[in-house]
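Undergrad: How does the following fold in three dimensions:
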Amino acid sequence: VPSERDNPRLLFMTRSDVVALPDDTDLDAIYPDMIELGRHTAPLRYNYAPGADDDGVTAVVSIDDLPGLDNRPGQWLVPGMLVEKVEVLIRSLPKRLRAAFSPVEPVARELVLGPNAIARSGTSRPLIESLAQRLSEMAKTEIYPQEFASAVLDPHLRMNYLVEDRAGRALAQGREIGDLRAHLHRKLTRAIESAPNPKFQIDSLSDWTFDDLPERVEVTLDGGVRVSAYPALWASADGTASLRLLASQAEASEAHRLGQVRLFRLAIAQELRKYLSSIKGFGQLSLLHSPLGTPEQLRDAIAERACELTFVRDGAMVRTQAEFRRRLKPAEPWIDDQIKVTAELFSEVLTERQRVAMALSTMDEAFLAPVKEDALGQLLALIRQGFLVSTPLRWFSQYPRYLRALDRRLARARLGGNPQVEKDRRLASDVRSREARAAALAESMSPDDPRWPELREYRWLLHEYRVSVFAQELASPVTSLLHATPRGLDERWAKLAGG
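TA: Take a look at the predicted model:
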């Protein structure tokens, strides 16, 4: 029996005793100290503590970097932990698919550490998508990302994120960036609202009687934590305008777009009154609008949209008193014309809405049900609460065309019978899948997510795409210029999907 007398190093452990990897493995490469999360680099911490909140690997991120983080690289963990994750994912496949990859452990190791590792093409693509594609190639059968049961993953097989303030104090941690953003945004919003900021918290405004508005200010919260906040005009539900500090730039931009229009309207309230009382055909327009609201609400909507056309048609964000006055000065000669233009556009939109609603109400045949259901979903997405004012002008001007395309789609389905309905179903399936994943992304994003402008643009482009799919004769140059095509939409989505 060997003894220490014969071999003084008998009880000494070697690396192979504690690390199940070849001796020439570069541990720094498979357990790195840093990770790239989009535009930001985060240090990594490792902890073997089953059941602990930080079990596994943790990326330490600054609260200032949180809105711009890309969550896709984190899905890949680090190479040294990815083997186990890939193995668990393969085992989660249905048995009919899993059988092609037995035994699973060497397959997973080859996929992660082999010469053709799936990460060689980069980690900017979701892990599940890359894995599904490679396994499909190996099995020579299509494997879809949704066939993995990712819910089976233990916490240590998901990247943990620790968010710190500027002083390095921990604010929150969790496995989902979207959840962290939403949690901290709510917390930050409450803190900003409760902090005394009289300069940027003013109610019942009717003119620009306050200082110029910077795009961003620094606010000190309880405990001495300093954060960024964003001043914005706010269109209050009671018809007044207010000044507020908001916790995200995206939220502030959207609020200010509508808030500045409200302030312009209040500043010329007297001049507006005489023009709004004599809108030609207002009685008929009110009837068209009656399913959506009262005549007074319609008049308010006309006033605000006309003010947008008069004062900020160029999409400018007015942030100084001087600029507000410059744009306000020539109001009188123009506002009457813009009220007429707005009333005509509203009439066209509401007439087309009524036509589509009537067509839907008469589609009682069972074979038309799939078309009716999808068309109703599109109509509700377009004609939502407050759409006459809140829809960006660029897209609102296209509403008559969107609604006409929808009406033609319904007419074709009815005239074409079952063959046309089947064709419609195939076309709608692609559109709906794009809409569904955009809706899911929107649901997961917090208000401070910097991708909101791009996501809103993408969702409007899906309406353009619907026109090109269901009523191609109504497609405009906008469709091709903005790449509202399958390839163009796929490219936009690839940029959006991280985050």
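Undergrad: How are the helices of the stretch 351-499 of the chain distributed by residue range?
TA: Using DSSP state H, counting those that start in this stretch, the helices of the stretch 351-499 of the chain run over 369-382, 387-390, 393-396, 399-444, 452-470, 477-481, 486-496.
Undergrad: pLDDT weak spots in the protein?
TA: The model of the chain has pLDDT under 70 over residues 1, 13-25, 331-332, 478-482, 498-499.
Undergrad: what residue is smack in the middle of the chain?
TA: A442 (3.8 Å; Cα atoms, centre = their mean).
Undergrad: Save the helices of the stretch 351-499 of the chain as TSV, and put in distance to Y230 too.
TA: Every C-beta, even on glycine, is put in place using the N, C-alpha and C of the backbone. Below are these laid out as TSV (distance: least, Cβ to Cβ, whole Å):
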stretch	distance to Y230
helix 369-382	28
helix 387-390	19
helix 393-396	22
helix 399-444	20
helix 452-470	13
helix 477-481	31
helix 486-496	22
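Undergrad: Indicate which one of the ones you listed is closest to T220.
TA: Proximity to T220, assessed across the helices of the stretch 351-499 of the chain by Cβ to Cβ, is greatest for helix 452-470 (26.7 Å).
Undergrad: can you give me the helices for the stretch 1-150 of the chain?
TA: Taking DSSP H, counting those that start in this stretch as the test, the helices found in the stretch 1-150 of the chain are 15-18, 27-30, 72-75, 79-91, 95-98, 104-113, 127-139.
Undergrad: Would you reformat those as JSON lines and include distance to S206 and mean neighbour count?
TA: Formatted as JSON lines, the helices of the stretch 1-150 of the chain follow (distance: least, Cβ to Cβ, whole Å; neighbours: other Cβ atoms under 10 Å):
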{"stretch": "helix 15-18", "distance to S206": "73", "mean neighbour count": "9"}
{"stretch": "helix 27-30", "distance to S206": "64", "mean neighbour count": "12"}
{"stretch": "helix 72-75", "distance to S206": "48", "mean neighbour count": "22"}
{"stretch": "helix 79-91", "distance to S206": "59", "mean neighbour count": "20"}
{"stretch": "helix 95-98", "distance to S206": "66", "mean neighbour count": "12"}
{"stretch": "helix 104-113", "distance to S206": "64", "mean neighbour count": "18"}
{"stretch": "helix 127-139", "distance to S206": "53", "mean neighbour count": "17"}
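Undergrad: Indicate which one of the ones you listed is closest to E464.
TA: Closest to E464 of the helices of the stretch 1-150 of the chain is helix 127-139 (Cβ to Cβ; 25.7 Å).
Undergrad: which residues touch the closest one?
TA: For helix 127-139, the surrounding residues in contact (Cβ atoms under 8 Å, 6 or more residues apart in numbering) are 72, 75-76, 85-86, 89-90, 97, 100-101, 111, 118-119, 121, 142-145, 147-148, 150.
Undergrad: and it with helix 104-113, angle?
TA: In terms of direction (axes from the mean of the first three to the mean of the last three Cα atoms, to 10 degrees), helix 127-139 departs from helix 104-113 by 120 degrees.
Undergrad: on contacts alone, who are the packing partners of the helix or strand following helix 127-139?
TA: The C-terminal neighbour of helix 127-139 among helices and strands, as given by DSSP states H and E, is strand 160-164. Contacting strand 160-164 under the criterion 3 or more Cβ pairs under 8 Å, 6 or more residues apart in numbering; DSSP states H and E are the following elements: strand 56-62, strand 170-174, helix 177-194.
Undergrad: Need those in a markdown table (columns: mean neighbour count).
TA: Below are these laid out as a markdown table (neighbours: other Cβ atoms under 10 Å):
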| stretch | mean neighbour count |
| --- | --- |
| strand 56-62 | 21 |
| strand 170-174 | 15 |
| helix 177-194 | 18 |
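Undergrad: now the ones you listed as JSON lines including distance to R273?
TA: JSON lines is the format used below for the helices and strands packed on strand 160-164 (distance: least, Cβ to Cβ, whole Å):
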{"stretch": "strand 56-62", "distance to R273": "51"}
{"stretch": "strand 170-174", "distance to R273": "50"}
{"stretch": "helix 177-194", "distance to R273": "34"}
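Undergrad: All the strands of the stretch 251-400 of the chain, residue numbers only.
TA: Counting by DSSP state E, counting those that start in this stretch, the stretch 251-400 of the chain yields no residue ranges for strands.
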